[in-house]
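Engineer: Fold the following for me, if possible:
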Amino acid sequence: MTDEGSSIDPTKPSIARVYDYLLGGKDNYAVDREIGDVFKRDLPGSVAIAFANRAALTRAVGEIATTTDVRQFIDLGSGLPTADNVHQVAQRHAPESRVVYVDTDPQVLVHGRALLEENDRTRFVPADVRDPEAVRTHPDTQELIDFDRPVAVMFSAILHHVNDEEDPAGIVRYWRDRVPSGSYFFVSHFRSGNNPETSEAEAVLQRTFGRGRWRTDEEIEALLDGLEILEPGIVPASRWRPDVVDNPWSSGGERELTVWERLIAAGLARKA
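Structural biologist: Numbering: from 1, shown residues only. Got it, this is the predicted structure:
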């Protein structure tokens with residue numbers, strides 16, 4: 001989360017670029033790799049967390065595109081483009097799908113503009129997820145999204161970067177109150193495990209970025225208050241509908257999950 005319009009600063013770590021590094025991407029700097037290596041060294045399952053989260057997002061988009069009539073997606077805190085971005089998955093199944101990506105990281109903005117050049121049903125909005133009114137009223141959002149029709153609002157690995165005093169539930173509630181019935185909400189979130197791994201990972205984020213809040217399954221569920229949480233509920237991301245369309249890697253069926261995989265949860269909800 002940076003100020004809109006700020007330039008890329010290669011001396012300061014970026015949440016989006018650290019995540020890119022953990023996913024094996026190339027759009028990062030030495031300072032990002034230094035932080036990423038802390039996770040890799042001290043929390044060796046961090047890469048598994050990143051991939052489990054990305055895979056759950058991909059499955060959720062595929063599920064919505066293939067089993068519902070929703071053809072509009074808002075990806076909040078989208079991060080740097082990687083394999084199988086939201087618009088690629090959605091348009092693979094429903095070519096008419098439209099996607100608005102939202103982020104404030106300047107490097108994400110650069111890549112977002114590149115997306116605009118290749119796809120006329122994609123927009124990038126440089127805005128802060130903590131200011132949902134700015135996202136919704138942005139001209140690019142208004143141009144692409146018809147708020148009289150159902151929308152899929154994606155909170156993939158972003159709400160755990162919103163501290164309690166910034167009212168993450170209020171952010172979800174804002175969107176809940178402004179989209180019509182039949183809209184969907186996907187959430188993935190760092191999951192408190194009441195173990196040393198959780199505490200250390202949370203401490204690294206707080207120390208580096210001044211933000212990062214692990215939450216229990218009950219706290220994550222509370223973020224979706226007023227929505228119908230669909231089966232299988234709030235579960236470890238690798239356990240979230242592992243057999244649906246667009247599963248880019250096997251969850252291993254009923255294999256025992258590692259402690260790391262249990263530290264990222266996912267869920268899908270619907271507005272009745």
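Engineer: which residues pair with the residue nearest the centre of the chain across the strands?
Structural biologist: Centroid check for the chain by CA atoms, centre = their mean gives residue 156 as the closest residue, at 1.6 Å. Beta-bridge pairing for residue 156 (DSSP bridges): residue 188.
Engineer: for it, what are its contacts?
Structural biologist: The contact partners of residue 156, taken as CB atoms under 8 Å, 6 or more residues apart in numbering, are 53, 56-57, 75-78, 186-188. Heads up, the C-betas are built off the backbone N, CA and C, glycines and all.
Engineer: So for the residues you listed, which is the shakiest by pLDDT?
Structural biologist: Among the contacts of residue 156, residue 78 carries the lowest pLDDT, at 86.
Engineer: so where's this structure uncertain?
Structural biologist: 1-7, 83, 115-116, 210, 244-254 (pLDDT under 70).
Engineer: where do the helices sit along it?
Structural biologist: Secondary structure of the chain by DSSP state H: the helices cover 15-22, 30-42, 46-67, 86-93, 106-118, 132-137, 139-144, 168-178, 196-209, 217-223.
Engineer: Now do the longest one: distance to the chain's middle.
Structural biologist: With CA atoms, centre = their mean, to the nearest Å as the basis, helix 46-67 stands 9 Å off its chain's centre.
Engineer: could I have it exported to CSV, CA atoms only?
Structural biologist: As requested, the backbone C-alpha atoms of helix 46-67 are provided in CSV (Å, rounded to 0.1, in the frame of the first residue of the first chain):
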residue,chain,number,x,y,z
SER,A,46,6.2,-19.3,2.9
VAL,A,47,6.4,-20.3,-0.8
ALA,A,48,3.8,-23.0,-0.2
ILE,A,49,1.5,-20.3,1.3
ALA,A,50,1.9,-18.1,-1.7
PHE,A,51,1.1,-20.9,-4.2
ALA,A,52,-1.8,-22.2,-2.1
ASN,A,53,-3.3,-18.8,-2.1
ARG,A,54,-2.8,-18.2,-5.8
ALA,A,55,-4.3,-21.6,-6.6
ALA,A,56,-7.4,-20.9,-4.5
LEU,A,57,-8.0,-17.6,-6.3
THR,A,58,-7.6,-19.2,-9.7
ARG,A,59,-10.2,-21.9,-8.7
ALA,A,60,-12.6,-19.3,-7.3
VAL,A,61,-12.5,-17.3,-10.5
GLY,A,62,-13.0,-20.5,-12.6
GLU,A,63,-15.9,-21.6,-10.4
ILE,A,64,-17.7,-18.2,-10.7
ALA,A,65,-17.1,-18.0,-14.5
THR,A,66,-18.4,-21.6,-15.1
THR,A,67,-21.2,-22.0,-12.6
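Engineer: Going by neighbour count, list what's buried in that helix.
Structural biologist: 46-65 (16 or more other CB atoms under 10 Å).
Engineer: was I right about residue 100 contacting residue 75?
Structural biologist: Yes - Residue 100 is within contact range of residue 75, at 7.1 Å (criterion: CB atoms under 8 Å).
Engineer: and the closest residue to residue 160 other than its chain neighbours, how many neighbours?
Structural biologist: Of all residues not flanking residue 160 in the chain, residue 190 sits nearest, at 4.2 Å (CB to CB, 6 or more residues apart in numbering). Residue 190 is flanked by 23 other residues according to other CB atoms under 10 Å.
Engineer: do you know how far residue 190 is from residue 138?
Structural biologist: 28 Å (CB to CB, to the nearest Å).
Engineer: quick one, what contacts residue 39?
Structural biologist: Taking CB under 8 Å, 6+ apart, one finds 18, 22, 46, 201, 204 in contact with residue 39.
Engineer: returning to what we had before: could you dump the helices of the chain to CSV with distance to residue 264?
Structural biologist: Output for the helices of the chain, formatted as CSV (distance: least, CB to CB, whole Å):
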stretch, distance to residue 264
helix 15-22, 12
helix 30-42, 13
helix 46-67, 5
helix 86-93, 18
helix 106-118, 21
helix 132-137, 23
helix 139-144, 28
helix 168-178, 16
helix 196-209, 10
helix 217-223, 11
